[in-house]
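1. task: produce atomic coordinates for the following.
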Amino acid sequence: MIKRLLQRFRRDLGLHQATVRIDFFPENQVTPTIYWLHSQNPENDTIPLLTFFYARILYELAELNEVRVARELMAFLDQVCERVLTGEGPPRRIRLPLGQLRLAPESMGPPMRTYQAEFYQLQDGHYRLEFRGSLGKESFFLPGAFLTLLQSCLDNLGDEALIRLARCVGRLHTYYRYRRDFWDGGALAAAPVFALGSEELRLEGSPPES
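-> Model (predicted):
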């Protein structure tokens, strides 16, 4: 019986697809990196990876009582996605205003701070993400971690994948504004699943949050 339980637990761990690292170095330099371990199409798999990672960033901000920062990040990314998807033809590859942060092309020695996420695909096709990172000044570093990773995608993803990513971010925001629960642990899975799908929200009579 114990053997069967252990086998079931191992199955539920899922396929370890990728590791995400965002390393912060002195002089406000940062290097976002995705290490692909098991993926037949890393570009397509970047869409769920970024969606789950973004959901976790919002959750971490809310857990640290930085809900205002989370909402400001969402409002800013609404504008980014609108610009990316503006007009016909290929998406616009804009430069994000990263403030003091500067993208560094490669490692510059031991980082001062690191955020890391392990991304898994489950047997049923769903995903899970394990996250860990430093603590301190999270209202700056958590948004910075996602924005620098997003800038890397804006620079390197193909047109079709970038369009899908922008639309997923918009759908993630739609979910949170109607459900109002990105501080709830259950939304860590439910919100990205909605964002990656085509389901319409069943509204419950309450207006969306501005």
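2. from here on, contacts and neighbour counts on C-alpha atoms
-> OK.
3. listing partners with orientation, what would you give for the host helix or strand of Val20?
-> Assigned by DSSP states H and E, Val20 belongs to strand 15-25. The strands beside strand 15-25 in its sheet (DSSP bridges) come out as strand 29-36 (antiparallel), strand 113-121 (antiparallel).
4. adding distance to Ile47, write those strands out as JSON lines.
-> JSON lines is the format used below for those (distance: least, CA to CA, whole Å):
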{"stretch": "strand 29-36", "distance to Ile47": "12"}
{"stretch": "strand 113-121", "distance to Ile47": "12"}
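5. any chance of those in CSV, with mean neighbour count and distance to Ala70 too?
-> Below are these laid out as CSV (neighbours: other CA atoms under 10 Å; distance: least, CA to CA, whole Å):
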stretch, mean neighbour count, distance to Ala70
strand 29-36, 20, 20
strand 113-121, 20, 17
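6. nearest to Leu129, of those?
-> Nearest to Leu129, of all the strands paired with strand 15-25, is strand 113-121, at 4.6 Å by CA to CA.
7. what is the burial count for the closest residue to Val67 other than its chain neighbours?
-> Nearest residue to Val67, sequence neighbours excluded (CA to CA, 6 or more residues apart in numbering): Leu61, at 6.2 Å. Residues lying near Leu61 (other CA atoms under 10 Å) number 21.
8. wait, what's in contact with Leu61?
-> Applying CA atoms under 8 Å, 6 or more residues apart in numbering to Leu61 gives the contacts 67, 69-70, 138-139, 142.
9. just put the residues you listed in CSV and tack on pLDDT, secondary structure and neighbour count.
-> Shown next, in CSV, are those (pLDDT from 0 to 100; DSSP: H, G, I helix; E, B strand; the rest coil; neighbours: other CA atoms under 10 Å):
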residue, pLDDT, secondary structure, neighbour count
Val67, 89, helix, 18
Val69, 93, helix, 18
Ala70, 92, helix, 22
Glu138, 81, helix, 18
Ser139, 83, helix, 17
Leu142, 93, helix, 24
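10. tally of neighbours for the closest residue to Phe146 other than its chain neighbours?
-> For Phe146, ignoring the flanking residues on the chain, the nearest one in space by CA to CA, 6+ apart is Tyr54 at 6.6 Å. By the criterion of other CA under 10 Å, Tyr54 has 24 neighbours.
11. pretty sure Tyr54 is in a strand, no?
-> No: assessed with DSSP: H, G, I helix; E, B strand; the rest coil, Tyr54 is helix; it does not lie in a strand.
12. distance of it relative to Arg71?
-> Plainly put, Tyr54 is 13 Å away from Arg71 if you go by CA to CA, to the nearest Å.
13. also Cys168?
-> Distance from Cys168 to Arg71, counting by CA to CA: 17 Å.
14. endpoints of stretch 96-104, how far apart?
-> From start residue to end residue, stretch 96-104 stretches across 15 Å - CA to CA.
15. which residues does it contact?
-> If you take CA under 8 Å, 6+ apart as the criterion, stretch 96-104 is touched by 28-32, 144, 147-148, 151.
16. by how many degrees do the helix or strand encompassing Tyr59 and strand 15-25 diverge?
-> Tyr59 belongs to helix 42-63 when assigned by DSSP H and E. Angle, helix 42-63 to strand 15-25, by axes from the mean of the first three to the mean of the last three CA atoms, to 10 degrees: 60 degrees.
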